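Enquirer: Need a 3D model of the sequence below.
(chains A and B, ligands or ions: 2)
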Amino acid sequence: MKICVLVKEVPDAAVEKRIDPSTGRMDRSGEKNLNPYDTHAIEAAMQLREGGAMQVDEIVAVTMGPRSAVRALHKAVSLGADRSVHLCDDALAGSDVAATGYALSKALEPEQPDLVLLGQQSDDGECYTIGAVVADHLKMPSLTQVIKLDVEGGALRCERQAEYGYDTVAVELPAVIAVGDAINEPRYPSLKAIMGAKKKPLETLPGVDPETEEPRTLDFVHIDASLVGADGSRVQCGEYKDPPAKSAGQIIEDEDPTETVEKIIAWLDERKLI
Amino acid sequence: MADILTYVLHYEGALNKNSLGAVSEAAKQAAQIGGECHAVVVGGDDLTDELCQTLGAYGATKVFRARGPEGLAQPVVDVMAKVIEDHGHGYALFGGGLLGFEIGAGLAARRNAGVTMEVTTVRAEGDELVAERPILGDSKISVSRYRGGLGIIIGRINAFEISKTGGASAEVIDVELEYSPWSTKASMIERGEQRGADVDIEGADILVAGGRGLGKAEGFRLAEDLAAAFGGNSAVAATRAVVDAGWYPYAAQIGQTGKTVAPKLYLAAGISGAIQHKVGMQSSENIVAINKDANAPIFEFSDLGIIGDLNKILPKLTEAVKAKKGA
Ligand SMILES: Cc1cc2nc3c(=O)[nH]c(=O)nc-3n(C[C@H](O)[C@H](O)[C@H](O)COP(=O)(O)OP(=O)(O)OC[C@H]3O[C@@H](n4cnc5c(N)ncnc54)[C@H](O)[C@@H]3O)c2cc1C
Ligand SMILES: Nc1ncnc2c1ncn2[C@@H]1O[C@H](COP(=O)(O)O)[C@@H](O)[C@H]1O
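Expert: Ligands and ions are numbered 1, 2, ... in the order given. Okay, here's the model as predicted:
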């Protein structure tokens, strides 16, 4: 069986995220990390492979993003993916969630995955929804927020917290599953895996025609260009503004816990909370 | 002149509060743009005529009812896509539950529609709806406008207020459809399992909330000791991260898929302050946070923030509260 894992490059958590005033889009210049939530999806794939309840022949990391996004793929491969697919075309820039999910489904289709895994959210976009979009295009059942994933009789048994408590859901394959970050503790890549990552196969789509050496268009991956990119997106985001100002709270940097506690008690006392 | 379609979730014969908020909001906005508010319900026999008709009180004029599995998103996508195809709704609006996200996204794919999630404000401009969504850790607000035939709005939890319009009972229309093959490939084995003890945190005046920073299940002892020291009407609450990890009962969870609280004092220990947690406690009167990371988002919305190690501070704070109480 083949597992495709959707991964994304996001700004490092330490970098302040902001809107680029010139483009009105998120400033992604500081991007340099694999979305931390996606490492849980890769780890889930690895555990399915190692668990032995089903034979996993291949784990393929798939991303859509600018050229720099290959770094996220290298990281994914160092964490266990066997190869990777990079959907990369200027015409895709500015795609909204629905357009991104559509384009990703077109990159996934030729792979014919038995299981598509993804993270619960991207650290920058925070839409929690790519999985459901991809699933509808691929005509596969899907579930998000899964924190326990077992294989039982060729189908998946998934657990997740929903609005009324924990649900257990049986999902037939092929399926699209977004995993929550409580599902596992991702492993650290070995030095050898990091060094070897760049040597693993990486396919760029739509890529370049080997004969003419001309860049291919999105037609090559059967993506309708009128449905992607900023122009193809059905939602236009912009007019960024500041939320209503909230008076900043008081901050105490703890140097001496006894003193800090005295300050907390005084603060609580002043507000009659003790 | 566009109608707005909402989805109403139910469980054990009761309608979901967030869904009622969505219906109220949709009715309010529909009036602005000269349309009607309609609702979709999917489930079994507990979706009686009487129950569905009550949605009229929140402003829905029609309720489309389909028989189908409960608690799963994709069958609802099928139903909503069909209702929209037959009736031509201009917008679909959801409350902020987990299913709303999945259904809204699936519907966006199915109908080639635009979707905005975590929406906190909807407003009408002419005969169109515009949605506002906080982004980048709530530091900016982005405005969404829709192109094409359908716009999908997924609210942030608790963003839409429930309001009774005093409308007449809604007309109930049964929808017959064949579900998509893939929509029937997921099936509920068990729904709504309550993990851990049944604790009551909603009535508490003082909540000591613990997160992953407590380190392990036993770390909750520190939070429990402090709550006990405050005495009276105090209790211990938790984040989803620690509930999923099995450190603390689900009934104590605050946030998007947990409880919404507004105590006099909310003291957060080892909690980062993720949006999904914030939405369940931001109305607390006083928020105190202890976190060793000066950049933790929780400091953005706490009244008193302590940058430090909770293991050093909590035990001393407990002793000091006890001493103060004894004094
Ligand atoms: C659809 C959806 C729904 C969700 N619903 C909910 C929900 O209902 N409720 C909810 O809470 N979350 C929910 N989440 C999860 C949420 O996004 C966060 O992952 C979660 O709230 C994080 O929990 P945490 O703060 O305990 O852990 P973390 O984010 O890991 O934060 C731990 C914090 O502890 C601090 N810390 C560590 N050690 C110490 C120490 N010794 N002293 C002081 N500080 C320390 C760290 O600096 C860190 O800030 C949801 C997510 C999604 C996608
Ligand atoms: N451009 C992308 N390429 C590949 N995967 C993505 C992309 N954007 C989002 N994802 C996946 O979708 C998940 C949810 O992202 P989001 O819906 O943006 O919160 C992420 O954890 C990734 O696994």
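
Enquirer: Buried residues in the helix or strand containing B:A31, which are they?
Expert: Assigned by DSSP states H and E, B:A31 belongs to helix B:17-33. By neighbour count on 16 or more other CB atoms under 10 Å in any protein chain shown, the buried set for helix B:17-33 is B:17-30, B:33. Just so you know, the C-beta spots here come from the backbone N, C-alpha and C atoms, and that holds for glycine as well.

Enquirer: Nearest to ligand 1 among those residues?
Expert: Ranked by distance to ligand 1 (CB to the nearest ligand atom), the buried residues of helix B:17-33 are led by B:N18 at 12.4 Å.

Enquirer: The closest one reaches B:I154, doesn't it?
Expert: No. Using CB atoms under 8 Å, B:N18 makes no contact with B:I154, being 10.9 Å away.

Enquirer: and chain A, which of the buried residues of helix B:17-33 reach it?
Expert: Contacts with chain A are made by B:N18 out of those, judged by CB under 8 Å from any CB of the partner chain.

Enquirer: Among the buried residues of helix B:17-33, which ones lie close to ligand 2?
Expert: With CB under 6 Å from any ligand atom as the criterion, those include none near ligand 2.

Enquirer: Out of the buried residues of helix B:17-33, the closest to B:K185 would be?
Expert: Distance to B:K185, by CB to CB, is smallest for B:S19 among the buried residues of helix B:17-33, at 25.3 Å.

Enquirer: Any stretches of the chain with poor pLDDT?
Expert: Answering for chain A, as no chain was given. Flagging of chain A using pLDDT under 70 yields the residue ranges A:13-18, A:26-31.

Enquirer: other chain: chain B
Expert: Ranges of chain B meeting pLDDT under 70: B:1.

Enquirer: Try it again at 80.
Expert: Across chain B, the ranges flagged by pLDDT under 80 are B:1, B:327.

Enquirer: can I see the domain layout of it?
Expert: Split into domains by automatic domain parsing, chain B comes to B:4-184, B:206-325.

Enquirer: Relative to ligand 1, which of those is closest?
Expert: domain B:206-325 (2.2 Å).

Enquirer: May I ask you to name the longest strand in chain A?
Expert: Using DSSP state E, we find that the single longest strand of chain A is strand A:142-152.

Enquirer: Report whether that one contacts chain B.
Expert: Yes. With CB under 8 Å from any CB as the criterion, chain B is reached by strand A:142-152 at A:142-145, A:147.

Enquirer: which of these lies closest to A:G65?
Expert: Nearest to A:G65 among the residues of strand A:142-152 next to chain B: A:T144, at 21.0 Å, using CB to CB.

Enquirer: Near the closest one, how many other residues are there?
Expert: 28 (other CB atoms under 10 Å in any protein chain shown).

Enquirer: is it true that it touches A:G131?
Expert: Yes. A:T144 is in contact with A:G131 according to CB under 8 Å; the separation is 5.2 Å.

Enquirer: who touches both of the two?
Expert: A:177-178 (CB atoms under 8 Å, 6 or more residues apart in numbering or on different chains).

Enquirer: For the closest residue in space to B:Q32 that isn't next to it in sequence, list the residues it contacts.
Expert: What sits nearest to B:Q32 in space, not counting adjacent residues and going by CB to CB, 6 or more residues apart in numbering or on different chains, is B:A124, at 3.6 Å. Going by CB under 8 Å, 6+ apart, B:A124 touches B:29, B:32-33, B:130.

Enquirer: Try it again at 10 Å.
Expert: Counting by CB atoms under 10 Å, 6 or more residues apart in numbering or on different chains, B:A124 touches B:28-34, B:130.

Enquirer: Tell me where chain B has helices.
Expert: For chain B, the helices defined by DSSP state H cover B:17-33, B:49-53, B:73-87, B:98-111, B:220-230, B:240-244, B:275-278, B:310-326.

Enquirer: most packed of those helices?
Expert: A comparison of these by mean neighbour count, using mean count of other CB atoms under 10 Å in any protein chain shown, puts helix B:98-111 on top with a mean of 27.

Enquirer: so, in contact with chain A or not, that helix?
Expert: Yes. Against chain A, helix B:98-111 shows contacts by CB under 10 Å from any CB of the partner chain at B:98-111.
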